[in-house]
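Student: How does the following fold in three dimensions:
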Amino acid sequence: EVVILSLLMYPVLKSFALQLHSAVTGSYISGTHSVAFINCLNEQIAKDIARAIMDKKLAACVNILPKSSALYFWKGELEESTEILLLVKTRTSKIGELSNYVRSIHPFEIPEIISLPIDQGNPLYLKWIEDSVPGD
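Tutor: The predicted model follows:
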């Protein structure tokens with residue numbers, strides 16, 4: 001039982017240790033924040049989803065990138081379409097909640113919601129993300 005409890009507590013303890021290290025040293029812990037990519041059918045849907053994300057305080061910033069062409073397989077067929085891409089800057093700890101929320105409001109059957117951790121960046125910008133998105 002002790003081993004199971006230890007394994008269950010590991011993520012909590014690791015998170016606490018990283019936060020303590022960051023607070024003591026003032027350094028950024030790689031992966032604390034992430035950029036999520038979300039594709040949308042058109043600009044209106046992109047704006048609506050971006051605003052909904054911001055209203056829920058699930059991001060510090062959402063960029064709406066202009067129309068781009070996409071080629072992809074869907075149900076065994078090669079498809080071509082135009083899409084609008086959202087770049088969502090947020091805490092990595094919010095990616096699960098962000099993904100669940102976007103899936104609940106997105107018109108696509110299987111929307112693209114993927115994220116990449118932020119390795120490094122402008123410390124003041126990373127602090128701004130931290131201050132803009134409420135913690136857990």
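
Student: Tell me, how many residues neighbour the residue nearest to residue 66 when sequence neighbours are not counted?
Tutor: Of all residues not flanking residue 66 in the chain, residue 84 sits nearest, at 7.1 Å (CB to CB, 6 or more residues apart in numbering). For every residue, glycine as well, the C-beta is placed using N, CA and C. Look at residue 84: counted by other CB atoms under 10 Å, it has 21 neighbours.

Student: try residue 36
Tutor: If you count neighbours by other CB under 10 Å, residue 36 ends up with 24.

Student: In three-state terms, label it for me.
Tutor: With DSSP: H, G, I helix; E, B strand; the rest coil as the basis, residue 36 sits in strand.

Student: follow-up on the earlier one: please name the residues that touch the residue nearest to residue 66.
Tutor: 39, 40, 41, 42, 43, 45, 46, 64, 65, 66, 67, 68 (CB atoms under 8 Å, 6 or more residues apart in numbering).

Student: Buried ones only from the residues you listed, please, as a PyMOL command.
Tutor: Filtering those down to the buried ones (16 or more other CB atoms under 10 Å) takes a single PyMOL command:
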select buried, resi 39+40+45+46
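
Student: Okay, and which of the contacts of residue 84 map to strands?
Tutor: Members of the contacts of residue 84 lying in strands (criterion: DSSP state E): 39, 40, 64, 65, 66, 67, 68.

Student: Spatially, which two of the residues you listed are the most separated?
Tutor: Largest separation among the ones in strands among the contacts of residue 84 by CB to CB: 39 and 66, giving 12.8 Å.

Student: So, low pLDDT: which residues of the chain?
Tutor: Scanning the chain for pLDDT under 70 picks out 1-26.
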